[in-house]
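**Q** just coords:
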């Protein structure tokens, strides 16, 4: 693989977490090549990938401008990217400030409170070999609880950190989109969580995010 672009991003066309990394890279104008792993073939568990991420999950990022440094876990990746390359604080806040820890707080909450629960709905609704309605009900309730946490904050302020969109906001985007369009039944985002739905739409209107969103649609179409 040639390294004409600064980063190699190992990801998956339908996997929400890799796209949140792409948002940050695109927002900062950083060049990257996406390598879409085929989960059906077990490429994410193969030695060619686990040498980069021993956890065998996407995403993982290689920074070819930093001695091929590898970092995995989506929010750790985005934190690395903005700490190292967002010197103008376009989509992040300065390390060491109180707001920096607020940014970390939301990234940790996304990683622990959003992704796993939303992912469990997908698992028990689609992939689990047995139907377990109680599990689906539990995790759908968790989706709404998490959206309620966001609603409580976003009904009082425009963004999660400071007065601008940051990687904290971007981190919630793909899983919230999955919740609104796939994971929940008979769900009216605008009606049930109006402030969060408005925030979600504002994020999607950002040119860099819109560009990644279009790449996402193209990747899904190409792979399937």
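**A** Done, it's in. This structure is a prediction, so every number in the text was calculated from the model and none was measured. Numbers count the residues shown, from 1 in each chain.

**Q** so residue 189 makes contact with residue 177?
**A** No - distance between residue 189 and residue 177: 9.5 Å, which falls outside the contact criterion (CB atoms under 8 Å). Placement of C-beta: from N, CA and C, glycine included.

**Q** identify the residues contacting stretch 125-133?
**A** Residues from elsewhere that reach stretch 125-133, judged by CB atoms under 8 Å, 6 or more residues apart in numbering: 124, 135-136, 183.

**Q** can you tell me which helix or strand of this protein has the lowest average pLDDT?
**A** Between all helices and strands in the chain, the lowest mean by mean pLDDT, DSSP states H and E belongs to helix 115-122, at a mean of 81.

**Q** longest helix in this protein, by residue count?
**A** Secondary structure of the chain per DSSP state H: the longest helix is helix 133-154.

**Q** gap between that one and the chain center?
**A** Put simply, helix 133-154 sits 17 Å off its chain's centre (CA atoms, centre = their mean, to the nearest Å).

**Q** so that helix versus helix 115-122, what angle?
**A** For helix 133-154 against helix 115-122, the angle by axes from the mean of the first three to the mean of the last three CA atoms, to 10 degrees is 140 degrees.

**Q** three-state assignment of the residue lying farthest from the centre of the chain?
**A** Taking CA atoms, centre = their mean as the measure, the residue most remote from the mean C-alpha position of the chain is residue 130, 28.1 Å away. Following DSSP: H, G, I helix; E, B strand; the rest coil, residue 130 is assigned to coil.

**Q** beyond the longest helix of the chain, next helix or strand please.
**A** Going down the chain from helix 133-154, the next helix or strand is helix 167-170, by DSSP states H and E.

**Q** against which helices or strands is the helix or strand following that next one packed?
**A** Counting by DSSP H and E, the next helix or strand C-terminal to helix 167-170 is helix 173-178. Packing partners of helix 173-178 (3 or more CB pairs under 8 Å, 6 or more residues apart in numbering; DSSP states H and E): helix 16-27, helix 115-122, helix 194-204.

**Q** the first one: what's the following helix or strand?
**A** Using DSSP H and E, the next helix or strand after helix 16-27 towards the C-terminus is strand 32-36.

**Q** still on that earlier bit, overlap of the contact sets of residue 189 and residue 177?
**A** Common neighbours of residue 189 and residue 177 are listed as residue 200 (criterion: CB under 8 Å, 6+ apart).

**Q** what stretches of the chain score poorly on pLDDT?
**A** With pLDDT under 70 as the threshold, the chain has low-confidence stretches at 1-3, 223-224.

**Q** how is it carved up into domains?
**A** 7-91, 98-204 (automatic domain parsing).

**Q** residue 217 is nearest to which of those domains?
**A** domain 7-91 (9.6 Å; CB to CB).
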